[in-house]
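Colleague: got a predicted structure plus its sequence, pasted below:
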Amino acid sequence: MDLSTVNKLLTTTRSVRARLDLTRPVPAALIEECLEIAVQAPVGGNVCRYHFIVVTNPPKRIVLAELYRRAFSEFYPPERIAERRKSEPRDVASWTSLAEHFQDVPALVIACVEGRPEGLGPERLAALYGNILPTAWSLMLALRARGVGAAWTTIVFKYEKAVAELLHIPENVTPAALLPVAYFKGDDFKPAKRIPARERTHWDTWGTTK
């Protein structure tokens, strides 16, 4: 295994928003291939509870975009956007670009899991989302390896019932992540600025360093 390639894939798979190519369709066969790779991610008890909805229908994309923008404007009201723009102008430009062009993204992939979070204890809630989130991340990695970008989004699920009605998602299924998927424009990606793991790693007891 070529570790340099693996390391590059893992450290440069970003949430792509402003650099999504909205003019170039993503072949259905490519998405299907990446989904088959993604479902090899670990699942609890080796029980496959994942489902995916790939939305390419323009009217449905428009509705999802309206729901996304409504949730976005509530999470980021104008005064908060103005404040964040002072300290994080590039990030704000990226967020707002995706919100403005959400309906233009050629494919929206919703990763779902059988089961509902209501009334679950911490261990079962972790298990519920643990049965779909690794798969969604593996999908982003598989897409990235093929020159296709994706953004990890969840705020649209503030209106989960409306999303479920639009796409006929069964009541016993939880949508967990919505990935806008498109080829990306421009140069390659670089590792992001992160707090080093060693500064957030505790050995045997919280607050104990090695």
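Modeller: Noted; the coordinates are in hand.

Colleague: how far is the longest strand out of those in the chain from where the chain is centred?
Modeller: Counting residues, the longest strand found in the chain (DSSP state E) is strand 173-183. With Cα atoms, centre = their mean, to the nearest Å as the basis, strand 173-183 stands 6 Å off its chain's centre.

Colleague: for the lowest-mean-pLDDT helix or strand in the chain, packing partners?
Modeller: Least confident helix or strand of the chain, by mean pLDDT, DSSP states H and E, is helix 78-87 with a mean of 86. Contacts defined by 3 or more Cβ pairs under 8 Å, 6 or more residues apart in numbering; DSSP states H and E place helix 78-87 against helix 89-101. Where C-beta positions appear, they are placed from N, C-alpha and C, glycine not excepted.

Colleague: give me the contact list for the helix it packs on.
Modeller: 17-18, 20, 22, 68-69, 72, 76, 81, 84-85, 151, 153, 180 (Cβ atoms under 8 Å, 6 or more residues apart in numbering).

Colleague: again, but for stretch 183-195
Modeller: Contacts of stretch 183-195 (Cβ under 8 Å, 6+ apart): 11-14, 16, 19-21, 24, 26, 147-149.

Colleague: got the buried residues for that stretch?
Modeller: Residues 183-184, 189 are the ones in stretch 183-195 that count as buried (16 or more other Cβ atoms under 10 Å).

Colleague: and that stretch, average pLDDT?
Modeller: Stretch 183-195 carries an average pLDDT of 92.

Colleague: could you do stretch 168-177 as well?
Modeller: Within the predicted structure, the mean pLDDT of stretch 168-177 is 98.

Colleague: that stretch: end-to-end distance?
Modeller: End-to-end distance of stretch 168-177 (Cα to Cα, to the nearest Å): 16 Å.

Colleague: now the most centrally placed residue in the chain: closest residue in space that isn't a chain neighbour?
Modeller: For the chain, the residue nearest the mean C-alpha position is residue 152 (2.0 Å; Cα atoms, centre = their mean). Excluding the flanking residues, the one nearest residue 152 by Cβ to Cβ, 6 or more residues apart in numbering is residue 15, at 5.1 Å.

Colleague: same deal with residue 114?
Modeller: Residue 114's closest residue in space is residue 49 (Cβ to Cβ, 6+ apart), at 4.0 Å.

Colleague: can you count the residues close to that neighbour?
Modeller: 18 (other Cβ atoms under 10 Å).

Colleague: can you tell me how far the closest residue to residue 116 other than its chain neighbours is from residue 149?
Modeller: Computed as Cβ to Cβ, 6+ apart, the closest residue to residue 116 that is not its neighbour in sequence is residue 174, at 5.7 Å. Using Cβ to Cβ, to the nearest Å, residue 174 is found at 25 Å from residue 149.
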